[in-house]
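Asker: Got a sequence here, can you build the structure:
(one chain, ligands or ions: 1)
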Amino acid sequence: MTKPVTVSFIDPAADRPTQEVEVVPDGSLTLLQVAQTAGLEITATCGGRGRCRSCRVKVLQGDVPPPTMQDRVQLGGEEIQERFRLACQTRLIGACSILPAPPLTEGGHQILAAPNTRIDRGALALDSGVEKHVIVAAPPTEENHQTSDLEEIVAQLPRHVVVENTPLGVLRDLPETLRAKGGRVTVTTFQDRILDVEPGDTSAHKLGVAFDIGTTTIVASLLDLDSGEELASVANMNPQAVYGGDLMSRIAYAQNDPKKLATLRVKVLNAVNDFIKEACDKAGVSAQHVYKIVVVGNTCMHHVFLGIDVSYVGLAPYAPVVRHPIVVPASELPLKATPKAIVCLLPLVAGFVGADTVACVLATRIYESQEPRALVDIGTNGEVVMGNRERLMACSAPAGPALEGAQIRHGMRGALGAIEKVRINGDVECDVIGNVPAIGICGSGLIDAVARMLDASVLAASGVMRHDFKDSLAVWLRERMTKTAEGRDQFVLVREQESGKGEAVALTQSDIRQLQLAKGAIYSGILMLQKVMGVSDAELAELMLCGGFGNYISTASAVRIRLLPPLPLERITYFGNAAHIGAQMALLSETERARANELARRIEHVALASQPDFQDIFVDAISFSAPPPSPVAS
Ligand code: FES
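Answerer: Numbering: from 1, shown residues only. Presented below is the predicted three-dimensional model:
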């Protein structure tokens with residue numbers, strides 16, 4: 001029988017073994033799996049499919065199998081020589097010592113949180129459903145002894161409550177609370193439930209938090225439920241991202257494994273607790289006064305947050321376990337920061353059209369429009385909604401993480417050192433975030449670069465780099481059309497000597513293909529809804545971009561590469577982080593939360609893959625040029 005061996009994972013900062021794991025090297029486990037079983041986080045953006053570079057490790061000692069095809073494609077000859085490997089592709093065959101490499105050089109990480117995420121509070125009924133009642137109740141007396149502390153309090157309330165729903169924690173504190181200030185207490189209710197009873201008058205403190213839990217980022221706002229004012233906001237990466245950058249990878253990780261589902265759930269619950277504490281600290285208020293929390297997210301994030309199995313969400317027909325709105329005490333989740341709050345999750349539409357899309361529809365008020373409008377959330381899992389006050393249709397467009405820089409050889413998020421804009425005019429000029437030497441390219445830079453490469457005839461409309469054609473290009477362009485060490489075609493954006501990476505920042509043919517697949521997914525969603533609803537480009541009154549990413553892209557470049565339809569640019573607007581705005585609206589207003597429930601029932605889901613002409617539409621959408629108009633029958 002094979003004996004266990006020791007795998008040491010070295011701490012890159014401290015240069016000493018951080019973790020030593022004993023494993024039997026039976027050839028079935030990858031280094032990524034060994035690390036994850038040991039509780040070590042190695043980022044696996046593509047979910048261990050060998051399609052990104054995030055799980056790079058350096059083998060310092062010991063034997064590993066020869067590099068796989070994916071190792072060669074993602075890492076290239078030089079890194080392989082230096083004993084870099086993809087942890088997800090490298091099987092353990094003996095004792096070894098591993099240095100996890102930073103997945104991306106992303107100093108000064110910038111979250112694509114949308115600015116101007118303000119809601120029109122003037123147009124919003126401030127009816128959060130949370131009420132505070134300051135009452136004076138007498139404790140039971142000898143004359144009035146066939147009663148209880150709770151009954152005496154309830155008797156003074158101006159509204160009906162269901163006493164049976166009173167939280168145990170409130171009952172446990174009640175004897176002291178009732179007698180602390182001569183019977184003067186503040187009773188907090190949400191609809192007909194008692195949430196809290198506090199001594200004295202605390203009616204000035206009534207807070208809520210709205211969460212948008214995205215696959216990549218989590219954004220939260222702390223609001224005063226009476227005035228509607230935002231007191232603080234927090235945005236950060238979703239800590240689950242190390243288990244897969246896109247939804248399907250995340251689902252694949254947790255599928256049929258309750259322990260892994262629990263791992264993801266604990267990650268998000270901890271993050272939510274931390275966000276609440278951070279927002280309250282920033283605003284100088286107590287988390288004990290947060291009474292209502294509204295959460296929106298896609299179907300996977302929604303289910304994982306609640307600890308619901310996502311196995312079937314990842315399998316056709318991608319059915320969620322539950323679609324209706326959920327209201328659950330925070331103590332049941334549990335959210336330790338705010339055990340007395342009530343947590344409301346907006347409903348889902350179907351499959352991958354989740355509560356975040358419902359929140360976008362609510363925020364943009366597309367349901368009131370007379371003319372057809374569209375909203376597009378460009379993200380790892382994009383969503384498209386189209387319609388007007390008569391009819392609303394939605395579909396999901398699985399773009400994957402390429403537009404966020406993943407699966408692109410020199411891709412990175414919109415952070416310090418990322419190319420964000422490209423001009424090709426007499427030479428190639430790149431704008432880099434932070435004005436420092438470039439170390440990679442982010443999604444908005446990628447869209448811009450490809451648009452300019454098409455303009456400069458470096459790229460054909462099919463997406464092929466025109467190395468065959470390069471002799472007819474200007475010398476300064478031709479010089480940038482080179483080969484990678486593995487002999488693959490590339491276009492150099494920043495030369496080695498000008499980059500901050502020690503090597504040129506370039507786009508390869510496979511990067512272009514990844515972008516084509518991502519943008520093709522989004523654009524085919526738009527095209528399909530236009531087709532099903534019979535809405536031409538000319539009839540589409542507005543296309544609203546939602547989500548953080550929409551703010552950073554050049555709409556002209558997005559139209560040029562056919563990520564978006566060829567509308568006049570003034571008809572393409574940026575709405576902001578609509579999902580987060582919708583969550584805030586449902587937090588401040590029960591009228592809006594009820595509207596979200598009604599909208600979720602109204603929106604018709606279009607499953608793209610099951611549409612008979614989807615393949616044709618997708619093939620058209622990945623091309624960089626529109627097909628010629630069909631000949632008119634004579
Ligand atoms: S290549 Fe290993 S996780 Fe993506």
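Asker: Give me the buried stretch members for the helix or strand containing Glu429, please.
Answerer: Element membership for Glu429, per DSSP states H and E: strand 428-432. Neighbour-count burial for strand 428-432 flags 428, 430, 432 (criterion: 16 or more other Cβ atoms under 10 Å). Glycine gets a C-beta too; all of them are placed from N, C-alpha and C.
Asker: before we move on, what about stretch 80-99?
Answerer: Neighbour counts over stretch 80-99 (16+ other Cβ under 10 Å) mark 80, 84-93, 95-99 as buried.
Asker: of all the residues in the chain, which ones are close to the ligand?
Answerer: Selection of the chain residues close to the ligand by Cβ under 6 Å from any ligand atom yields 44-46, 48, 50-52, 54-55, 74, 86, 88.
Asker: Which members of these are positioned in helices?
Answerer: Gln74 (DSSP state H).
Asker: For the residues of the chain next to the ligand, which entry has the maximal number of neighbours?
Answerer: Cys52 (32 neighbours; other Cβ atoms under 10 Å).
Asker: Now the two most distant members of the buried residues of stretch 80-99.
Answerer: Ile80 and Ala95 (21.1 Å; Cβ to Cβ).
Asker: element containing the residue in the chain sticking out farthest from the centre, please.
Answerer: Going by Cα atoms, centre = their mean, the residue of the chain most distant from its centre is Glu143, 60.4 Å out. Here Glu143, judged by DSSP H and E, is contained in no helix and no strand.
Asker: can you tell me how far it sits from the ligand?
Answerer: From Glu143 across to the ligand, the span is 73 Å (Cβ to the nearest ligand atom, to the nearest Å).
Asker: Find the nearest non-adjacent residue to His133, please.
Answerer: In space, and not counting its chain neighbours, His133 is closest to Val187: 4.7 Å by Cβ to Cβ, 6 or more residues apart in numbering.
Asker: Next, the distance between the ends of stretch 388-398.
Answerer: End-to-end distance for stretch 388-398: 24 Å, by Cα to Cα, to the nearest Å.
Asker: now it: how far from the chain's centre is it?
Answerer: 20 Å (Cα atoms, centre = their mean, to the nearest Å).
Asker: what about Thr186, which SS state?
Answerer: With DSSP: H, G, I helix; E, B strand; the rest coil as the basis, the three-state label of Thr186 is strand.
Asker: List the contacts of it.
Answerer: 132-135, 196-203 (Cβ atoms under 8 Å, 6 or more residues apart in numbering).
Asker: pretty sure Gly440 contacts Gly411?
Answerer: Yes: the pair Gly440 and Gly411 passes the contact test of Cβ atoms under 8 Å, sitting 6.1 Å apart.
Asker: Of the contacts of Thr186, just the buried ones, ChimeraX syntax please.
Answerer: Entered in ChimeraX, the line below selects the buried ones among the contacts of Thr186, by 16+ other Cβ under 10 Å:
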select :132,133,135,196,197,198,199,202
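Asker: Could you list which of the contacts of Thr186 belong to strands?
Answerer: Per DSSP state E, strands hold the following members of the contacts of Thr186: 132-135, 196-199.
Asker: can you pull the contacts of Gly354?
Answerer: 296-302, 320, 348.
Asker: In helices, which of these fall?
Answerer: Among those, the members found in helices (DSSP H) are 299-302.
Asker: still on that earlier bit, just give me the closest of the residues of the chain next to the ligand to Pro175.
Answerer: Ala44 (51.8 Å).
Asker: Quick check: that closest one vs Leu261, distance?
Answerer: 16 Å (Cβ to Cβ, to the nearest Å).
Asker: what does Ala406 give?
Answerer: Taking Cβ to Cβ, one finds Ala406 at 23 Å from Leu261.
Asker: again, but for Cys280
Answerer: 29 Å.
Asker: same deal with Ser625?
Answerer: When Ser625 is compared with Leu261 (using Cβ to Cβ), they lie 44 Å apart.
Asker: Comparing those two, which shows the higher neighbour count?
Answerer: Higher neighbour count among Ser625 and Leu261: Leu261, with 21 against 12, using other Cβ under 10 Å.
Asker: Who's the closest spatial neighbour of the more buried one, skipping the chain neighbours?
Answerer: Ala254 (4.2 Å).
Asker: what's the burial count for Ser286?
Answerer: 13.
Asker: Apart from its chain neighbours, what residue comes closest to it?
Answerer: Cys280 (6.5 Å).
Asker: do Leu171 as well
Answerer: Among residues not flanking Leu171 along the chain, Leu150 sits closest, at 6.8 Å (Cβ to Cβ, 6+ apart).
Asker: list the buried ones in stretch 525-536?
Answerer: 525-530, 533, 535.
Asker: Let me have those in TSV, adding pLDDT, distance to Pro139 and secondary structure as columns.
Answerer: Output for the buried residues of stretch 525-536, formatted as TSV (pLDDT from 0 to 100; distance: Cβ to Cβ, whole Å; DSSP: H, G, I helix; E, B strand; the rest coil):
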residue	pLDDT	distance to Pro139	secondary structure
Gly525	96	62	helix
Ile526	97	65	helix
Leu527	97	69	helix
Met528	96	66	helix
Leu529	97	62	helix
Gln530	97	67	helix
Met533	96	64	helix
Val535	97	66	coil
